[in-house]
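Asks: need a structure here:
(one chain, ligands or ions: 1)
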Amino acid sequence: MDSSKKVDLKIIIIGALGVGKTSLLHQYVHKTFCEDYRTTLGASILTKVIAVDSTPLKLQIWDTGGQERFRSMVSTFYKGSDGCMLAFDVTDRESFEALENWRDDFLEKVIPRELGFPMVVLGNKIDICDRQVSEELASAWCKDKDIPYFEVSAKNGINVAQAFETLAKQALLTVSGLGWVPDKPERKARQC
Ligand SMILES: Nc1nc2c(ncn2[C@@H]2O[C@H](COP(=O)(O)OP(=O)(O)OP(=O)(O)O)[C@@H](O)[C@H]2O)c(=O)[nH]1
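Replies: Coordinates of the predicted model:
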């Protein structure tokens with residue numbers, strides 16, 4: 001690939017209500033965190049330019065609302081995605097149990113029957129000492145599906161950039177026709 005050419009990638013973040021999707025994006029793009037909760041109505045987009053292996057990438061990151069009533073609208077935004085982030089909240093067991101459904105729905109709508117779509121799972125809010133989902137459980141779920149898993153905190157920024165950059169790298173490999181190889185995420189997460 002010509003490293004002087006900017007590559008545009010569409011990344012989408014999906015997952016249950018209130019798991020911290022918007023907060024993760026704002027932490028990654030603006031390095032800010034807000035305690036207030038304002039649910040995302042449908043979707044919104046942020047952009048960030050990064051370089052991966054000297055290739056400039058323009059990430060167009062789609063934040064989506066987790067409310068059930070937006071579910072069918074949100075799925076119309078899947079089209080054209082180059083990478084998908086599946087987010088859950090480690091303090092909310094239901095949000096973890098919903099992951100399978102979010103993943104299946106995404107894969108069914110975006111790439112029927114194709115394997116190896118660039119995807120990462122984010123277990124967010126690890127700064128809170130009230131876990132309902134252990135790292136072992138989430139890691140095992142992801143390992144079974146060959147999806148890199150990151151324990152993250154949008155509040156203090158732990159592992160957030162690593163997760164986005166791993167996904168961007170996988171997406172770049174895929175759009176370059178070099179295939180998708182799951183990365184082993186670094187275990188940098190600190191518990192609270
Ligand atoms: N302690 C802590 N709180 C967080 C973290 N991430 C998000 N929150 C809080 O969780 C609440 C929901 O965060 P959002 O980022 O709006 O969640 P969302 O997934 O975008 O929500 P929807 O758009 O409604 O689906 C807010 O009050 C955030 O401040 C985190 O890593 N740690």
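
Asks: could you look up the SS state of Glu100?
Replies: Here Glu100 is helix, with the state taken from DSSP: H, G, I helix; E, B strand; the rest coil.

Asks: and it, how far from the ligand?
Replies: According to C-beta to the nearest ligand atom, to the nearest Å, Glu100 stands 18 Å off from the ligand. In this view, the C-beta of every residue, glycine as well, is placed from N, C-alpha and C.

Asks: what of Phe77?
Replies: Relative to the ligand, and taking C-beta to the nearest ligand atom, Phe77 is found at 13 Å.

Asks: that residue contacts Thr64, doesn't it?
Replies: Yes. Using C-beta atoms under 8 Å, Phe77 makes contact with Thr64 at a distance of 6.2 Å.

Asks: what parts of the chain come near the ligand?
Replies: Applying C-beta under 6 Å from any ligand atom, one finds that the chain approaches the ligand through 17-23, 34-35, 37, 39-40, 65-67, 124-125, 127-128, 153-155.

Asks: distance between the lengthiest helix in the chain and the chain's centre?
Replies: Using DSSP state H to assign secondary structure, the helix with the most residues in the chain is helix 160-175. Averaged C-alpha coordinates place helix 160-175 at 10 Å from its chain's average position (C-alpha atoms, centre = their mean, to the nearest Å).

Asks: picking that back up, overlap in contacts, Phe77 and Thr64.
Replies: Residues touching both Phe77 and Thr64 by C-beta atoms under 8 Å, 6 or more residues apart in numbering: 12, 43.

Asks: phi and psi next, for Leu9.
Replies: With angles defined as degrees, to the nearest 10, Leu9 sits at phi -130, psi 140.

Asks: quick one: residues in contact with the one helix or strand in the chain whose mean pLDDT sits lowest.
Replies: The helix or strand of the chain with the poorest confidence is helix 71-75; it has a mean of 87 (mean pLDDT, DSSP states H and E). Identification of contacts with helix 71-75 by C-beta under 8 Å, 6+ apart yields 14, 42-43, 64-65, 105-106, 109.

Asks: quick one: buried residues of it?
Replies: Within helix 71-75, the residues that count as buried by 16 or more other C-beta atoms under 10 Å are 74-75.

Asks: quick one: name whatever helix or strand follows that helix.
Replies: Later in the chain than helix 71-75, the nearest helix or strand by DSSP states H and E is strand 83-89.

Asks: name the helices or strands packed onto that following strand?
Replies: For strand 83-89, the packing partners by 3 or more C-beta pairs under 8 Å, 6 or more residues apart in numbering; DSSP states H and E come out as strand 7-15, helix 21-30, helix 93-97, helix 99-110, strand 119-124, helix 160-175.
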